[in-house]
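> Just the structure for this:
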Amino acid sequence: MAKPKPAPPFDLEHSIAALVEAIPARGFLKTTELKKFMVPPEHQGAVLERLAAEGFEPMTGGVRVPLRRQLETLLQARGVLAWPPGRLLKGGTPKEYKALATDLARAGSLHLLVRGKAEAVAGPEVEVLSREEMQTLRPLALEVQKALKAKPLPRTLLRADLRELLLDLLQPAEAGAGAPPPDLAERLVQECLGRLDPELRLCFVPGLVMACLPDHSLTRIHAALVQAARQGRLELRPESGVHRLSELELALCPPGLQGTRLSWVRPLEPRP
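Now for the predicted structure:
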């Protein structure tokens, strides 16, 4: 009777290379799964040690892709991520996920967000409101609550007041730029009235700015436009698609919300 052929010797380096390639897609590897990867029990301890040396993070009962690396990869791909992460992060516990988010937020590498009734996280490159900006918005939230709870009938707010508050928040005056000359806002209003599109009843901002550039800097013209909008004399409107504007036109338009450009302006009746 022929004797069974002995099993080939275990190739540690080949096994490590295969596991290093396989684990990232799975997120983690349990010790009990090493048998599926043809790792004999007597070599499993050495394999886990090597995997830790390759950058994988030890966990109870195995190794995993480091939780921080998993989270950063997800944020790079999605920008904003619902929290808690559910099954998106692999090989950790809710307690570990919470500690990770807290540590990264304290280090400035993560933003903790509130989105309606849900919570979320975002990477450091995502634009968020600062604490100072949220303090600016706090009176508005209180006014809205007061208006909604008013008796016997709810109240409301002036759109002009809301627009002024948001302009203060989104387009603060540039440090060192200086206040625009008192007559510049008036000139912009008059130029706007003289340049209205007869059908749209709107004025194209780049043309309006160009009319004033020989006499004033671009920064001061933008500041005067915002000033006139705060006074309720002009309404600045965003371009529906910035790709329609040339590079020069983009530079002449003041920035708006979420990367838009305020490329149209409509004259308003002065606020009473």
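
> Just the C-alphas of the helix ranked longest in the chain, formatted as CSV.
Taking DSSP state H as the criterion, the chain has its longest helix at helix 131-149. Below are the C-alpha coordinates for helix 131-149, written out as CSV (Å, rounded to 0.1, in the frame of the first residue of the first chain):
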residue,chain,number,x,y,z
ARG,A,131,-18.2,77.8,16.2
GLU,A,132,-18.1,81.6,15.6
GLU,A,133,-20.3,81.3,12.5
MET,A,134,-22.7,79.1,14.4
GLN,A,135,-22.9,81.7,17.2
THR,A,136,-23.8,84.2,14.4
LEU,A,137,-26.7,81.9,13.4
ARG,A,138,-27.9,81.3,16.9
PRO,A,139,-30.1,84.4,17.1
LEU,A,140,-31.8,83.4,13.9
ALA,A,141,-32.6,80.0,15.3
LEU,A,142,-34.1,81.6,18.4
GLU,A,143,-36.1,84.0,16.3
VAL,A,144,-37.5,81.2,14.2
GLN,A,145,-38.5,79.2,17.3
LYS,A,146,-40.1,82.3,18.8
ALA,A,147,-42.0,83.0,15.6
LEU,A,148,-43.3,79.4,15.3
LYS,A,149,-44.4,79.3,18.9
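
> Give me the mean pLDDT for it.
For helix 131-149, mean pLDDT is 84.

> packing partners for that helix?
helix 159-170 (3 or more C-beta pairs under 8 Å, 6 or more residues apart in numbering; DSSP states H and E). Heads up, the C-betas are built off the backbone N, CA and C, glycines and all.

> burial measure for Gly123, as a count.
Neighbourhood size, Gly123 [other C-beta atoms under 10 Å]: 18.
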